[in-house]
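Chemist: got a structure for you, letters missing:
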Ligand SMILES: O=C(O)C1=C[C@@H](OP(=O)(O)O)[C@@H](O)[C@H](O)C1
Ligand SMILES: C=C(OP(=O)(O)O)C(=O)O
């Protein structure tokens, strides 16, 4: 295991990066394919810890999966329905939120006996809003440690009906319900309480569900009507677009010190909300060009922004780093749920940004970043959070080196991140 990685100051970045498949799309498609009628060929699947956990879970319950071409391509033999068996199994999901939340809902269908658990941080990440919602539809769910967090035991029982769910902690709870409800025995009517966070991820869910033949009607994301007793039907073959959250680091690098950088595999028709990161980068001054299947970015004079980034919580972290190279103070607002992800990201970003000399203010749901007068070399604690590691690698675009502790935490979503960053970096 590599304990640290020091990156020397980078003069400029130039070149192309082929993005790995989107994590959000990969895990949704794996699950939908496993429950659908027919065989699904999946291309450009992300190979990382998060997708490995989803694949392991599906294999554990007996789904046949064949992998080809360095695991980027796989074939899933669909179960035709939800997973109705008494497996009596314990499944470990690491710190994969997309796996944990969606599988809690899916294993609540029918009659199952399964325990879902995760790493230490997963045992602190909220799940209660989802559990409450599923219980309203009849699910039998128990907390193993008598807390409101995983590990959790599921016994099925969910049949649908009228369900109210909190929207302000994680959109993954609603995504999980939307994936499970078409297979419930009754129709489901969901009403979402409070502001729905990370809304564009619900669009990813609805679009992918539609590819598997199921249409869900909603009223401005406030209420959703889902017919019960439906069946997912495999679209036979799907290509996963590049991960736009991962792409944000290279576009940011280019905005800061880029001759010209091109990220391949994602473009103007992306279904990922993080594509809106490009608008913010443009507003800050970067020269951005978005085509059908690639995006280019070039350095320019950068200025600060003060924006609500509730819709793009992951890519918003990258903006906090670009802020270090922009004129003025950048404020990133309405990001309370940064606190309940891989680590408390508001606290972690504030602490590490201060180490390199930035002036940082943090509140319950915002962070403000003023660039340092002079960047300081720092050893960055990554809190086992892949995005903290990827964000702070960009500090090497200043005049100083940076040391990233536990760089392999990037394996959660992007095992080749440092290799790809170095491939476009020109050193002094
Ligand atoms: O549904 C998804 O694929 C995701 C939703 C977001 O989480 P929240 O809805 O918890 O903000 C995002 O941060 C996460 O990386 C992936
Ligand atoms: C929040 C994230 O992941 P998860 O799917 O575990 O919620 C993330 O990738 O930034």
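Modeler: That came through fine. Please read all numbers here as calculations on a predicted model, not as lab measurements. Ligands and ions are numbered 1, 2, ... in the order given.

Chemist: drop to CA atoms for contacts and neighbour counts, all remaining ones
Modeler: Will do.

Chemist: in the stretch 301-428 of the chain, which spans are helices?
Modeler: 313-322, 345-355, 386-393, 417-423 (DSSP state H, counting those that start in this stretch).

Chemist: I'd like those laid out as TSV, including distance to residue 404, mean neighbour count and mean pLDDT.
Modeler: Listed next are these as TSV, based on distance: least, Cα to Cα, whole Å; neighbours: other Cα atoms under 10 Å; pLDDT from 0 to 100:
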stretch	distance to residue 404	mean neighbour count	mean pLDDT
helix 313-322	15	24	98
helix 345-355	11	20	98
helix 386-393	6	24	98
helix 417-423	11	16	98
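
Chemist: Mind putting the ones you listed into CSV with distance to residue 141?
Modeler: Converted to CSV, the helices of the stretch 301-428 of the chain look like this (distance: least, Cα to Cα, whole Å):
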stretch, distance to residue 141
helix 313-322, 29
helix 345-355, 29
helix 386-393, 30
helix 417-423, 38
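
Chemist: Tell me which of these sits nearest to residue 224.
Modeler: helix 313-322 (23.4 Å; Cα to Cα).

Chemist: can I assume residue 296 is in contact with residue 282?
Modeler: No. Using Cα atoms under 8 Å, residue 296 is not in contact with residue 282, being 11.4 Å away.

Chemist: between those two, what contacts are shared?
Modeler: Counting by Cα atoms under 8 Å, 6 or more residues apart in numbering, the common neighbours of residue 296 and residue 282 are residue 288.

Chemist: Number of residues surrounding the nearest residue to residue 336 once chain neighbours are set aside?
Modeler: Leaving aside its chain neighbours, residue 336 sits nearest to residue 365 (4.0 Å; criterion: Cα to Cα, 6 or more residues apart in numbering). Residue 365 is flanked by 15 other residues according to other Cα atoms under 10 Å.

Chemist: Residue 333 versus residue 365, what's the distance?
Modeler: Per Cα to Cα, to the nearest Å, residue 365 is found 6 Å from residue 333.

Chemist: First-to-last residue distance for stretch 35-48?
Modeler: Stretch 35-48 has an end-to-end distance of 22 Å (criterion: Cα to Cα).

Chemist: With stretch 248-266 instead?
Modeler: End-to-end distance (Cα to Cα), stretch 248-266: 11 Å.

Chemist: Quick check: buried residues in it?
Modeler: 248-258, 260-266 (16 or more other Cα atoms under 10 Å).

Chemist: closest point of the protein to ligand 2, which residue?
Modeler: Going by Cα to the nearest ligand atom, ligand 2 is nearest to residue 97 of the chain, at 3.4 Å.

Chemist: Enumerate every residue touching that residue.
Modeler: The contact partners of residue 97, by Cα under 8 Å, 6+ apart, come to 122, 172.

Chemist: Report pLDDT for it.
Modeler: With respect to pLDDT, residue 97 has a value of 98.

Chemist: How about the residues of this protein by ligand 2?
Modeler: Along the chain, the residues adjacent to ligand 2 under the rule Cα under 6 Å from any ligand atom are 95, 96, 97, 98, 314, 341.

Chemist: Burial check on the nearest residue to the last one once chain neighbours are set aside, number of neighbours?
Modeler: By that I understand residue 341. Sequence neighbours aside, residue 125 is the residue nearest to residue 341 in space, at 6.9 Å (criterion: Cα to Cα, 6+ apart). For residue 125, the number of neighbouring residues by other Cα under 10 Å comes to 19.

Chemist: again with residue 269
Modeler: That count, for residue 269 with other Cα under 10 Å as the rule, works out to 12.

Chemist: now the lengthiest strand in the chain: how far from the chain's centre is it?
Modeler: Longest strand of the chain, by residue count under DSSP state E: strand 10-18. Taking the mean of its C-alpha atoms, strand 10-18 sits 24 Å from the chain's own mean (Cα atoms, centre = their mean, to the nearest Å).

Chemist: counting contacts, what elements does that strand pack onto?
Modeler: Counting contacts by 3 or more Cα pairs under 8 Å, 6 or more residues apart in numbering; DSSP states H and E, strand 10-18 packs against helix 244-257, strand 258-264, strand 425-427.

Chemist: one more time with 10 Å, if that's ok
Modeler: helix 244-257, strand 258-264, strand 294-298, helix 417-423, strand 425-427 (3 or more Cα pairs under 10 Å, 6 or more residues apart in numbering; DSSP states H and E).

Chemist: Around ligand 1, which positions in the protein sit nearby?
Modeler: 24, 98, 170, 171, 172, 198, 201, 313, 314.

Chemist: so the second one is in which element?
Modeler: Just to be clear, that refers to residue 98. helix 97-106 (DSSP states H and E).

Chemist: C-terminal to that helix, what's the next element?
Modeler: strand 114-117.

Chemist: What strands line up against that next one, and which way round?
Modeler: Taking DSSP bridges as the criterion, strand 114-117 forms sheet pairs with strand 89-92 (parallel), strand 152-154 (antiparallel).

Chemist: Can you list the low-confidence ranges for the stretch 151-300 of the chain?
Modeler: The stretch 151-300 of the chain contains no residues with pLDDT under 70.

Chemist: Tell me where it has strands.
Modeler: Using DSSP state E, counting those that start in this stretch, the strands of the stretch 151-300 of the chain run over 152-154, 161-166, 188-193, 217-219, 223-226, 237-239, 258-264, 287-290, 294-298.

Chemist: Give me the residues contacting the last one.
Modeler: What that stands for is strand 294-298. 13-19, 242, 247, 250-268, 275, 278, 281-282, 285-290 (Cα atoms under 10 Å, 6 or more residues apart in numbering).

Chemist: picking up where we left off before, okay, residue 296 and residue 282: which has more neighbours?
Modeler: residue 296 (23 against 16).

Chemist: I am finished for the moment; much appreciated.
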